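> here's a sequence, model it:
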Amino acid sequence: VKKIKLSLMADYQNFETYLFLKPNKFIISVISDTNDKIFEKVSSFETNMSDIDLDKLDSFLNDNIFDIEKILNNFVKNINLFIDSEIFSSIEMSIKKNNYGELITNDNLNHILSEAKDQCSDTLKDKKLSHILINNYFIDDNKYSNLPHNIKCNHFSLDITFICLPLDYYRNLIKILSNYQISLDRLVSLRYMKNFFSQEKIDLNEMARKII
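Numbering: from 1, shown residues only. Take a look at the predicted model:
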């Protein structure tokens, strides 16, 4: 168990709280708006479970939230949650849109992503959508891994992955956080986040700050 406390006197108004969950390790960190680590607690334990033990999570929060709020001289109202769990599932699909020689805009992309969600509504109805990933862009039949800047086309399509949690599981997480009057700010797949920074040697807090 490792605990870091950097200040007992400051009155923190601007900070981010990160909660990292693995089946065998929980980490809670509080980072100031100047990127200083105010608090960190790591709990590791042996387990045969492949998923997060929610009872242990409740106990972990109970052991730490009051200490954090005492150091901050403020309440923890929101938390950013990062989960490494097999319980995440992925749904893949492709969708195409006519663009009539116009520029591809954010409005175009938002519209086609909304259409994709609507088309998957039956599949997604019992799930909490965590991420929408655009894996490939096909622009007038040319493939791109990233969207080119200021490009016009007659049609384009997207290869999309939806990353989801079971809705019941998500509700149980929300219920546990609500026991401490905490709202969930962002929910992130820890594996997705690490893949995003696979070429960078930075710690979890820095990854979390950048991804947010």
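
> ok, longest helix in this structure?
Using DSSP state H, we find that the single longest helix of the chain is helix 54-72.

> confidence score at the spatially closest residue to Lys22 that is not a sequence neighbour?
Distances taken as C-beta to C-beta, 6 or more residues apart in numbering put Asp84 closest to Lys22, at 4.5 Å, once the chain neighbours are dropped. C-beta: built from backbone N, CA, C; applies to glycine. Looking at Asp84, its pLDDT is 91.

> the residue nearest to Ile71 when sequence neighbours are not counted is in what secondary structure piece?
Nearest non-adjacent residue to Ile71, counting by C-beta to C-beta, 6+ apart: Phe39, 5.7 Å away. Assessed by DSSP states H and E, Phe39 sits inside strand 37-44.

> circling back: the residue nearest to Ile71 touches Lys70, doesn't it?
No. If you go by C-beta atoms under 8 Å, Phe39 and Lys70 don't touch, sitting 9.9 Å apart.

> so for those two, which sits in the more crowded spot?
Neighbours were tallied for Phe39 and for Lys70 using other C-beta atoms under 10 Å; the higher tally belongs to Phe39 (23 against 12).

> follow-up on the earlier one: what is the orientation angle of the next helix or strand after the longest helix of the chain with helix 54-72?
Helices and strands here follow DSSP H and E; after helix 54-72, the next one along the chain is strand 78-83. Counting by axes from the mean of the first three to the mean of the last three C-alpha atoms, to 10 degrees, strand 78-83 lies at 140 degrees to helix 54-72.

> quick check: what element follows strand 78-83 along the chain?
Per DSSP H and E, the first helix or strand lying C-terminal to strand 78-83 is strand 89-103.

> what does that next one rub up against?
With C-beta atoms under 8 Å, 6 or more residues apart in numbering as the test, strand 89-103 has contacts from 108, 111-112, 115-116, 119-120, 123-124, 127, 138, 150-166.
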